[in-house]
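Chemist: Build me a model from this:
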Amino acid sequence: MSQTYFAILTAIGEAKLANAVALGTPLQVSRMAVGDGNGNLPNPDRLQTALINEQYRADLNQLSVDPVNDSQIIAELVIPENTGGFWLREMGLYDAVGDLIAVSNCPPSYKPQLAEGSGRTQILRMILIVSSTAAVQLKIDPSVVLATRAYVDAGDAIATQPMAEAGEDNSKKMTPLRVFQAIRSASANATDLLRGVLRIGTQSEVDAGILDDVAVTPKKIRLGFILSFGTNGYLILPTWMGGFIFQWGNITNSAADIETSLPITYTTAHLHVFVTHGYTPGTGLVASIGGSPKSLGSLISRSSNSSLGARFWSIGK
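Modeler: Down below sits the predicted model:
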């Protein structure tokens, strides 16, 4: 079946488009006209320089590349509801200097005017195959105030999260959530070589000491450190450092076994005890002393000279 309705470039349009491609200067398509074909459905002719019987001409509402076929352009004309009283059978595209560059026929349709008791806003689109859509200047005329429902809906559409994170689409609205997602996505995660952003690790993550991509705060490092400095004292390390406890203090020295209580009691194990005598320089007084853990909360020691002072160092958990 032969095609009844179609659009073609006129001879003038072919020449102007070829010149635009050759020179790299876009062809400016600016207006569109409709006619009634003098009561008959016309066949588009490339030698046409005008419509058979033009009824209405206006600036284009929109000129864009077909989203499903990038070798086609779509020209859109909106006829307001207060204009009409004629049949639509032919359409033509005009460039900025008024030359007819493309012509088409269309299914006959009557455009009423309000005075006839009926009216509607008529949207007409001409789809035209061109050799290079890049050679045609695409635009929406800001002086045209009529917008189609599809155009309004597209303008009101909210950006999706992938759109927000990609940061490439400049036609969608951004909600506060999408703005946050875009900023978060654009903030690079810090690495050994790249300055960036890190989240704060939880206490359990800090204690586990496995992750290398979270930040550690002073409070989380400090949690678990318990200190008591004095003659008798202790240092408790956090769990991420093994949870070891170091204790020190004086011993009541004796030539017999004597038990000394620790500043605090271990909960798991009393691992080792070091005991030693003090020494006063120049006295030459030295002796031997030994000690060992007795319980989780005490040690036992014995010295060969009970007159000398003695101290201990204990390790446990």
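Chemist: alpha carbons only for contacts and neighbour counts from here, please
Modeler: Will do.
Chemist: I figured residue 256 was touching residue 291, is that so?
Modeler: No: using CA atoms under 8 Å, residue 256 is not in contact with residue 291, being 11.5 Å away.
Chemist: Find the residues that touch each one of these two.
Modeler: Contact criterion CA atoms under 8 Å, 6 or more residues apart in numbering; residues bridging residue 256 and residue 291 by contacting each: residue 302.
Chemist: who has more neighbours, the two?
Modeler: Between residue 256 and residue 291, residue 291 has the larger neighbour count (other CA atoms under 10 Å), namely 19 against 12.
Chemist: And the more buried one, how close does it get to residue 313?
Modeler: 10 Å (CA to CA, to the nearest Å).
Chemist: Can you tell me which helix or strand of this protein has the lowest average pLDDT?
Modeler: helix 149-156 (a mean of 52; mean pLDDT, DSSP states H and E).
Chemist: Tell me the helix or strand right after that helix.
Modeler: Following helix 149-156 in sequence order, the next helix or strand is helix 161-166 (DSSP states H and E).
Chemist: Dump the C-alpha coordinates for that following helix into PDB.
Modeler: Presented in PDB, the C-alpha positions along helix 161-166 are these (Å, rounded to 0.1, in the frame of the first residue of the first chain):
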ATOM      1  CA  GLN A 161      17.900   9.300  42.100                       C
ATOM      2  CA  PRO A 162      20.100   8.000  39.200                       C
ATOM      3  CA  MET A 163      19.500  11.300  37.400                       C
ATOM      4  CA  ALA A 164      20.400  13.300  40.500                       C
ATOM      5  CA  GLU A 165      23.600  11.300  41.100                       C
ATOM      6  CA  ALA A 166      24.600  11.400  37.400                       C
END
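Chemist: Can you work out which other helices and strands pack against the helix or strand just after it?
Modeler: Per DSSP H and E, helix 161-166 leads on to helix 176-186 as the next helix or strand towards the C-terminus. The contact analysis (3 or more CA pairs under 8 Å, 6 or more residues apart in numbering; DSSP states H and E) places helix 176-186 against helix 161-166.
Chemist: which stretches of the stretch 101-250 of the chain aren't confidently modelled?
Modeler: Counting by pLDDT under 70, the stretch 101-250 of the chain has low-confidence residues at 132-135, 137-156, 184, 186-190, 194.
Chemist: and with 90 instead?
Modeler: 113-121, 127-227, 238-243 (pLDDT under 90).
Chemist: rewinding a little: overlap in contacts of residue 291 and residue 313?
Modeler: Residues touching both residue 291 and residue 313 (CA under 8 Å, 6+ apart) are 273-275.
Chemist: Mind naming the longest strand for this structure?
Modeler: Longest strand in the chain by number of residues (criterion: DSSP state E): strand 100-111.
Chemist: Could you tell me which residues within that one count as buried?
Modeler: 100-106, 111 (16 or more other CA atoms under 10 Å).
Chemist: Pipe these into TSV and attach distance to residue 59 per row.
Modeler: Converted to TSV, the buried residues of strand 100-111 look like this (distance: CA to CA, whole Å):
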residue	distance to residue 59
100	14
101	15
102	15
103	16
104	17
105	19
106	19
111	18
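Chemist: And those residues, which two are furthest apart?
Modeler: The most widely separated members of the buried residues of strand 100-111, counting by CA to CA, are 101 and 111 (24.4 Å).
Chemist: before we move on, back to that, wait, which of the buried residues of strand 100-111 is closest to residue 129?
Modeler: Nearest member of the buried residues of strand 100-111 to residue 129, counting by CA to CA, is residue 102, at 10.3 Å.
Chemist: I'd say that closest one and residue 90 touch.
Modeler: No: here residue 102 lies out of contact with residue 90, judged by CA under 8 Å, at a distance of 11.0 Å.
Chemist: follow-up on the earlier one: how far off strand 100-111 does whichever helix or strand comes after the longest strand of the chain point, in degrees?
Modeler: Per DSSP H and E, the first helix or strand lying C-terminal to strand 100-111 is strand 122-129. Orientation check (axes from the mean of the first three to the mean of the last three CA atoms, to 10 degrees): strand 122-129 against strand 100-111 gives 150 degrees.
Chemist: Off-centre distance for whatever helix or strand residue 63 lives in?
Modeler: Using DSSP H and E, residue 63 maps to strand 62-65. For strand 62-65, the separation from the chain centroid amounts to 29 Å (computed by CA atoms, centre = their mean, to the nearest Å).
Chemist: Send over it as PDB, restricted to the C-alpha atoms.
Modeler: Extracted in PDB, the C-alpha atoms of strand 62-65 (Å, rounded to 0.1, in the frame of the first residue of the first chain):
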ATOM      1  CA  GLN A  62       8.700  23.500  19.500                       C
ATOM      2  CA  LEU A  63      11.400  22.000  17.200                       C
ATOM      3  CA  SER A  64      13.200  18.900  18.500                       C
ATOM      4  CA  VAL A  65      14.900  15.700  17.500                       C
END
